[in-house]
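Peer 1: Build me a structure from this.
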Amino acid sequence: MDLKPTESELEILQVIWKKGQCSVRDVHEELAKSKDSGYTTTLKLMQIMHEKGLVERDTNAKTHLYKALITRGQAQQGALDKIISTVFKGSTSDLVIQALGQHRASKDEIDAIKDYLKQFESGE
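Peer 2: Below you'll find the model as predicted:
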């Protein structure tokens with residue numbers, strides 16, 4: 001799947017992933033807590049997302065309900081692929097070094113990274 005949601009679409013997907021399925025009003029009210037955006041803008045974005053295949057729309061009830069067709073993991077993978085190829089010119093190690101250098105990882109996160117690297121090296 002080569003769907004790459006925009007930043008605004010990712011904000012909407014975050015709400016839908018959290019709630020499972022929701023109406024445009026549900027999404028708009030959640031987004032309005034942190035940003036100034038009109039209802040019609042949210043509606044238009046969700047219609048575009050439906051056309052792109054990012055969400056499905058249940059039109060059986062009076063209020064249309066939207067459900068994500070892309071998982072959080074798929075969205076993360078797409079965004080990461082784009083960042084690695086454009087910002088880091090394909091270098092995964094540069095990305096990891098930058099991320100660890102700029103954002104303090106907890107001991108548990110460092111341990112999880114070490115465990116992953118051990119599994120990666122052993123081919124699991």
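
Peer 1: Low-confidence ranges, the protein, go.
Peer 2: 1-3, 124 (pLDDT under 70).

Peer 1: And the strands in it?
Peer 2: 21-22, 55-58, 65-68 (DSSP state E).

Peer 1: what packs against the last one?
Peer 2: Read that as strand 65-68. helix 7-19, strand 21-22, helix 39-52, strand 55-58 (3 or more Cβ pairs under 8 Å, 6 or more residues apart in numbering; DSSP states H and E). In this view, the C-beta of every residue, glycine as well, is placed from N, C-alpha and C.

Peer 1: CA atoms of that strand as PDB?
Peer 2: C-alpha atoms of strand 65-68 as PDB (Å, rounded to 0.1, in the frame of the first residue of the first chain):
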ATOM      1  CA  LEU A  65     -19.400   7.200  10.300                       C
ATOM      2  CA  TYR A  66     -15.800   7.000   9.200                       C
ATOM      3  CA  LYS A  67     -13.300   4.200   9.900                       C
ATOM      4  CA  ALA A  68      -9.600   4.000   9.100                       C
END
